[in-house]
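Undergrad: coordinates only, no sequence provided:
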Ligand code: MEV
C-alpha cells in the first residue's frame, strides 16, 4: 500500500486521531455547529447555575469521559454513536462488534409503538370491583378528555382497568388500578403522564367512591419495546470454536441468575452509556430492562444467541426502552443535546433502535472476549494508565509506566510506583 494511502486510512481510524482531528471528523460527519464543537472542548459545559436549577442542594458538576463508538450501521443507516462511560474497553468493544456485524449488513432494528402506562391506584372502594370498573368504563371518553386537556402533543389513547390482588403481608384489601395508555411520541413522557394521572384521579374518586392513592407512570415500558438482530460471521469472531463457546456462555446466562446479571450488565454498559450521552433517564431504562429479564418468573439473559446452518452467530436483543429526544435533560443538558445532534436522530423510536443495537454489540463483544482470551488483558491496557496516574505519574510518564506494568503483566500501584521511582531517578 502506498504511504499516502496508508496515512489516509490511519487518519480515518478514529482511535488514532488526536482531539482536534476527532472533532473535525465529527464536524464533517454530523451537523454539529462551531458552538457545539466549542462545547465539547469545554469539560464543564453544564454550568453550576444550570446544575443548581436541575437539582436541589447542588455543590458542583460530575464529569464523565465522552467517547465515540464507530462503525454502527443500523437499518442501513450509518451512525456516529456518543457514549458517556468511565469504564475502559467498552467503546472499543462496541465499535469492533459493529464492524463485524457490518459484514452481514449491520443491525436490523425496530421499535413499533411509544405507549407508556400511567397508573392510578384506587382503594377503600364502597362498591364491588365490577361496579367500579363498569362506572369507569362508562365514562371512558370523559376521563380521556380530562387527561388530554393537560397536554397538546402527548395524548392518552386509551385506558384499561385491572384488579391488583394484594400479595403484601399487610393485606390492605381490594384495589383497582386504572391505567392510561399514553402515546408519548418523541418524549420520554414521565412528567406529562404524572400530570395526566393526577388530573383524572378526582373524577375517578367521584365515580367509584374510592380513594386514589398513587398517581404515577409505570417505568415498566412494555408497550415501548425495541428489538434488534445481527449476524456475526464465524470467521470474524475467531472461528467455530469461539461461536460454540459463546453459545455455552449464553446458555449459562439463560439458566443461572448469577451469570445472567453480569451478562445483562454487559448489555447495559452499552445502553446506559448512550443513554447518558443523550440525556436519558437511565435509571428508568435499567429498572424496566431487569424486570423484563425476569418476565417469566426467573431472571434470564436479555439477549438470545444461536447459530445459522453455516455456523455464523446470530444475536437478538429485545427490551422495553423509554427514551425521548424532547423534554427532560435531553433538552436542558448542553452536552446531551450535542450527543443527540451527533446521532442525528429524528424520532425517539430511532434513538431506541440505536441503544438496542449498541447493547447487542456490547454483549457480543463481551461474550467473544470471555469465550476466547478472557477480558482482563483488554481491560488492563487502559486500567494500567489509571494505575500509573494513581501512582503519581504525570504527563509523558503515564504512558511509559502504563506500558511497562502492562507488558510485565503486573498492573499494580506498587509496581507502578517502583517504575516511576526508577524513571525519575535515572533522569537526575
Ligand atoms: C464488564 O463491565 C461487563 C462484562 O462482565 C459482561 C459479561 O461478563 O458478559 C464483561
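TA: Arrived safely, thanks for sending. Just so it is clear, the structure is predicted and the values come from calculations on it, not from any experiment.
Undergrad: for stretch 78-94, how far is the first residue from the last?
TA: For stretch 78-94, the first-to-last residue distance is 14 Å (Cα to Cα, to the nearest Å).
Undergrad: ugh, typo on my part, it should be stretch 230-237
TA: Terminal-residue distance, stretch 230-237 (Cα to Cα): 13 Å.
Undergrad: could you do stretch 54-73 as well?
TA: 35 Å.
Undergrad: OK, now which residue of the stretch 151-300 of the chain is nearest to the ligand?
TA: residue 266 (2.8 Å; Cβ to the nearest ligand atom). (Each C-beta comes from the backbone N, C-alpha and C, glycine too.)
Undergrad: burial of the residue nearest to that residue when sequence neighbours are not counted, as a residue count?
TA: Spatial nearest neighbour of residue 266, excluding adjacent residues (Cβ to Cβ, 6 or more residues apart in numbering): residue 366 at 3.9 Å. Neighbourhood size, residue 366 [other Cβ atoms under 10 Å]: 25.
Undergrad: same thing with residue 267?
TA: 25.
Undergrad: now do residue 46
TA: For residue 46, using other Cβ under 10 Å, the count is 20.
Undergrad: cool, and residue 38?
TA: Applying other Cβ under 10 Å, I find that residue 38 has 12 neighbouring residues.
Undergrad: that's a helix at the residue nearest to residue 266, yeah?
TA: Yes - judged by DSSP: H, G, I helix; E, B strand; the rest coil, residue 366 forms part of a helix.
Undergrad: mind listing what it touches?
TA: 93, 263, 266, 269, 375 (Cβ atoms under 8 Å, 6 or more residues apart in numbering).
Undergrad: show me what the helix or strand harbouring the residue of the stretch 151-300 of the chain closest to the ligand is packed against.
TA: Using DSSP states H and E, residue 266 sits in helix 257-277. In terms of contacts (3 or more Cβ pairs under 8 Å, 6 or more residues apart in numbering; DSSP states H and E), helix 257-277 is packed against strand 77-84, helix 90-102, helix 240-255, helix 282-293, helix 334-343, helix 348-371.
Undergrad: quick one: strands adjacent to the following helix or strand past the fourth one?
TA: Note on helix 282-293: by DSSP H and E, the next helix or strand toward the C-terminus is strand 303-307. Taking DSSP bridges as the criterion, strand 303-307 pairs within the sheet with strand 313-320 (antiparallel).
Undergrad: hmm, who's touching the strand it pairs with?
TA: In contact with strand 313-320 (Cβ under 8 Å, 6+ apart) are residues 220-222, 224-234, 237, 243, 246-247, 267, 288-289, 292-293, 302-308, 356, 359-360, 363-364.
Undergrad: before we move on, what about stretch 195-208?
TA: Contacts for stretch 195-208 (Cβ under 8 Å, 6+ apart): 118-120, 122, 125, 127, 131-132, 135-136, 139, 142-143, 146-151, 156, 176, 178, 180, 182, 210-212, 215-217.
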